[in-house]
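> how would this look folded up:
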Amino acid sequence: MRAGFINLKNLFSQSLIYVTALSDYLYCPRKLFLAKRLGFVEPPKQALIFGSVKHEVMDQINKSEEEIVGSVTKDYSLQEITSVYKKKYYQLLINSLRSRKFMLKKLNIDPLLIFREAWPFFQREASFRAENLQSFIQEKKVYGKELWDALTPKLLTEFAVRSESLSLCGVIDRVEINQGLFTPVELKTGKAPKEGLWPNHRIQIAAYMLLLQDCQKKVNEGVVHYLDTNQRVKIVMNPFIQEEVIELIKKVNGLLSGHTLPKICEETKKCASCGLREQCFSLKGDC
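Down below sits the predicted model:
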């Protein structure tokens, strides 16, 4: 651990919480309490279905990439490499939607709507991986298994990480590994703010950086990639944001281990789109 950083060992003894709970707490502590402490389940929405499909396909492409990279020969153009990735993403996306057909029918959600939302995302991912691969081929002039063994940065998706000392766990969208450096990358829809990162995104990527560091990985920075505008916004770890994340972990642990029902959110826009709105308004007092 670098000088000036807080000693994380034996800092927490509570059960592990997910990094996403930190973001949820910043969004609405009461909703987090209802979901995680009282067990209320928000009705599935199209966005949640898209999220589960995205995670499944990304996990499968990670398992398939060695085979894809090994199949590339020196005669492949960027267009051909991109096509190989797109075909694989398409196949995995269709399989994922087929496996959910009964659930989607029950929820009255058209699979075609999920496909239309997901496919542009996977097309961008295919292009990103293809460009990374071709750039390395042009530099190193290697192919097949030798290409896979030498390829940097390696791209790992749906990378699970946990830390008992931090009382934290999570799954990182993408980890880019280059010469021993691990860079966590979170993929977000929407646009970046005019400066920096949205608060919940900043905390989330910082938490993943801490988790990787606590697992003895060398981390210099994290990235939030805003897909709608193709912006990659970087954040460098420092003692201040580390302390901020640790304090937030304490607050979330305190909330989820207690009986005090947080106040109703005062932002009406959040309440209007909340799937737990009725349960939230019906509860009074502590639990």
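> can you give me the buried ones in whichever helix or strand V171 is part of?
Assessed by DSSP states H and E, V171 sits inside strand 168-178. Within strand 168-178, the residues scored as buried using 16 or more other Cβ atoms under 10 Å are L168, C169, G170, V171, I172, D173, R174, V175, E176, I177. Every residue, glycine included, has its C-beta placed from N, CA and C.
> what pairs with it, parallel or antiparallel?
Within its sheet, and counting by DSSP bridges, strand 168-178 is paired with strand 17-18 (parallel), strand 154-163 (antiparallel), strand 181-188 (antiparallel).
> low-confidence regions, this structure specifically.
When residues are selected by pLDDT under 70, those of the chain lie in 1-14, 285-287.
> can you give me the helices for the stretch 101-250 of the chain?
101-106, 111-140, 144-150, 199-214, 239-257 (DSSP state H, counting those that start in this stretch).
> helices and strands around the shortest one, which ones?
This means helix 101-106. helix 111-140 (3 or more Cβ pairs under 8 Å, 6 or more residues apart in numbering; DSSP states H and E).
> what's the helix it packs on packed up against?
helix 46-70, helix 78-99, helix 101-106, helix 144-150.
> and N95, which of the strands paired with strand 168-178 is closest to it?
With distances scored as Cβ to Cβ, the stretch of the strands paired with strand 168-178 nearest to N95 is strand 154-163 (16.0 Å).
> and the closest one with helix 199-214, angle?
90 degrees (axes from the mean of the first three to the mean of the last three Cα atoms, to 10 degrees).
> buried stuff in strand 154-163?
So for strand 154-163, counting by 16+ other Cβ under 10 Å, buried means L155, L156, T157, E158, F159, V161, S163.
> tell me which of the residues you listed is nearest to A47?
Nearest member of the buried residues of strand 154-163 to A47, counting by Cβ to Cβ, is E158, at 18.1 Å.
> thinking again about what came up before, which one of the buried residues of strand 154-163 is nearest to S273?
E158 (26.7 Å).
> from A192, how far out is the nearest residue to the closest one once chain neighbours are set aside?
Once flanking residues are discounted, E158 sits nearest to D59: 4.2 Å by Cβ to Cβ, 6 or more residues apart in numbering. Shown here: D59 relative to A192, a distance of 26 Å by Cβ to Cβ, to the nearest Å.
> likewise Q213?
25 Å.
> what does G222 give?
14 Å.
> the more surrounded of those two?
G222 (27 against 18; other Cβ atoms under 10 Å).
> can you name the residues bridging to that one?
G222 has these beta-bridge partners by DSSP bridges: I235.
> that older thread, which one of the helices of the stretch 101-250 of the chain lies nearest to F50?
helix 111-140 (5.4 Å).
> now do that closest one against helix 78-99, angle only.
Between helix 111-140 and helix 78-99, the angle comes out at 150 degrees (the same axes, to 10 degrees).
> next, the buried residues of helix 111-140.
111, 114-115, 117-118, 121-122, 125-126, 128-130, 132-134, 136-137.
> tell me which residue is most central in this structure.
Nearest residue to the geometric centre of the chain (Cα atoms, centre = their mean): D173, 3.6 Å.
> quick one on the thing from earlier: quick check: the residue nearest to E158 vs M209, distance?
From D59 over to M209 the distance is 22 Å, taken as Cβ to Cβ.
> can you check N220 too?
9 Å.
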